[in-house]
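**Student:** pasting the sequence and the predicted model now:
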Amino acid sequence: MQEIKVGASRLGAARIGNDVGLLLAKLHTAGSPLNNRALGDFGLRERSFWVLTLACSGQEPTQRELAMFLGLDPSQVVSLVDDLERRGLVERSTGKQDRRARIIVSTAEGRRIHAKARAALEACEHEQLTALSEYEAGQLKMLLRKALWGEAD
């Protein structure tokens, strides 16, 4: 294991070690298995958790909005929503702004499971970012939001 870390440090010193795409991909590759392991206790995986989180947000997203925001194919979102709906964690409902739109909202059980899964993921995130101080972890998130959406809050 130590040899792998030394090799990674040595190769990370190359110019590619500053490639944002590689850094983000490696961070996700390291964190995703941790997240999925923790979420497995709740019958969730990262993508289904993302959908459940947005359903619990009060934003009343449509399936199309979920697909666009999460960068998933609409058919993937349909499958994720179908599974969560089958489990009684979300419901498809008529939109309040546009009655033709079908929004995805959480059920009471969905909010209960989400709260527990969220706590488990926060523990994973802490483990993954253990080399960062709490302030640095906050700054990292703020900078990523700013790079993605042009906003820091």
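**Tutor:** Now that the structure is in, tell me what you want to look at.
**Student:** where does pLDDT dip in this protein?
**Tutor:** The chain contains residues with pLDDT under 70 at 1-8, 152-153.
**Student:** quick one: the helices in it, in order.
**Tutor:** Taking DSSP state H as the criterion, the chain carries its helices at 2-12, 20-40, 46-56, 63-70, 74-86, 108-128, 134-149.
**Student:** let me have those in TSV, extended by distance to G95.
**Tutor:** C-beta coordinates here come from the backbone N, C-alpha and C atoms, glycine included. Shown next, in TSV, are those (distance: least, Cβ to Cβ, whole Å):
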stretch	distance to G95
helix 2-12	47
helix 20-40	28
helix 46-56	14
helix 63-70	11
helix 74-86	15
helix 108-128	18
helix 134-149	23
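**Student:** give me the nearest residue to the most centrally placed residue in the chain, chain neighbours excluded.
**Tutor:** The residue lying closest to the centre of the chain (Cα atoms, centre = their mean) is W50, at 4.8 Å. Nearest-residue entry for W50: L70, 5.6 Å, with adjacent residues in sequence omitted and distances by Cβ to Cβ, 6 or more residues apart in numbering.
**Student:** please report the distance of that neighbour from V78.
**Tutor:** 13 Å (Cβ to Cβ, to the nearest Å).
**Student:** which one of these two has more residues nearby?
**Tutor:** L70 (17 against 14; other Cβ atoms under 10 Å).
**Student:** distance of the more buried one relative to V81?
**Tutor:** Noted for L70: a distance of 12 Å to V81, by Cβ to Cβ.
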